[in-house]
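Colleague: With the input below, show me the fold.
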Amino acid sequence: MYPNTNFNAANSLPQALPPNEEVPWLLRYGARAAGCGGGLLAMFLGIWTTIGLSAPCIIAGIWLVLAGFIMTSLEAPCCCMFVEFVNQFSTWADSRPPLTKAMGYAILGIPDLFLCIELSTIFGSCFIFITAVLYGIMALGKKADRSEMLARASSVTDTTLVDDRGQPRDVEVGRFAGRT
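Modeller: Numbering: from 1, shown residues only. Sure thing, here's the model as predicted:
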């Protein structure tokens, strides 16, 4: 009846990448949830902003709707599975490092603030920036363990300003070294 209908769209969704051991699972799935929820809320707030009567606010609302759609399609492609290019776009974006996603989301949230400063655009951009911050934290990576941090801290003993007794060392600062 419908020859071009693809009922296997749910089966063709991109599979999750192998989990990165450096990123905690809560942060990884939290960033996805924040991206999906923030994208949906940004779309709603973008529609709310387009109700205004000024042209810059209407353009800012359209931008928020587009930014929300991009975020939702990247973070939860199952929400947009009937749009043909979303699967390929989401797979391509998942193969990128978290810093690229963080910068992309941060750039998505900026233009509407220049066009119209209302509460709806501010909150819509905040939801986009929250996702960008979470991906930025993921890009920083895992914190070093305690023994590695202690080893690095103890290897810089000659640059400390106090000795073992807590007395200040005579540090040369310019030509006034040794004077108090």
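Colleague: C-alpha only now, for contacts and for neighbours.
Modeller: OK.
Colleague: And the helix or strand harbouring Ala153, what's buried?
Modeller: Assigned by DSSP states H and E, Ala153 belongs to helix 146-154. Counting neighbours by 16 or more other C-alpha atoms under 10 Å, one finds that helix 146-154 has no buried residues.
Colleague: With stretch 115-122 instead?
Modeller: Leu115, Cys116, Ser120, Thr121, Ile122.
Colleague: Relative to Gly68, which of those is nearest.
Modeller: The shortest approach to Gly68 among these belongs to Thr121, at 11.8 Å (C-alpha to C-alpha).
Colleague: Please list all residues in contact with the nearest residue to Leu74 once chain neighbours are set aside.
Modeller: Using C-alpha to C-alpha, 6 or more residues apart in numbering and skipping the chain neighbours, the partner closest in space to Leu74 is Ser90 (4.8 Å). Counting by C-alpha atoms under 8 Å, 6 or more residues apart in numbering, Ser90 touches Pro14, Ser73, Leu74, Glu75, Pro77.
Colleague: Can I get the residues you listed in CSV including pLDDT, neighbour count and secondary structure?
Modeller: Listed next are the contacts of Ser90 as CSV, based on pLDDT from 0 to 100; neighbours: other C-alpha atoms under 10 Å; DSSP: H, G, I helix; E, B strand; the rest coil:
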residue, pLDDT, neighbour count, secondary structure
Pro14, 41, 17, coil
Ser73, 89, 23, helix
Leu74, 88, 26, helix
Glu75, 87, 22, helix
Pro77, 80, 23, helix
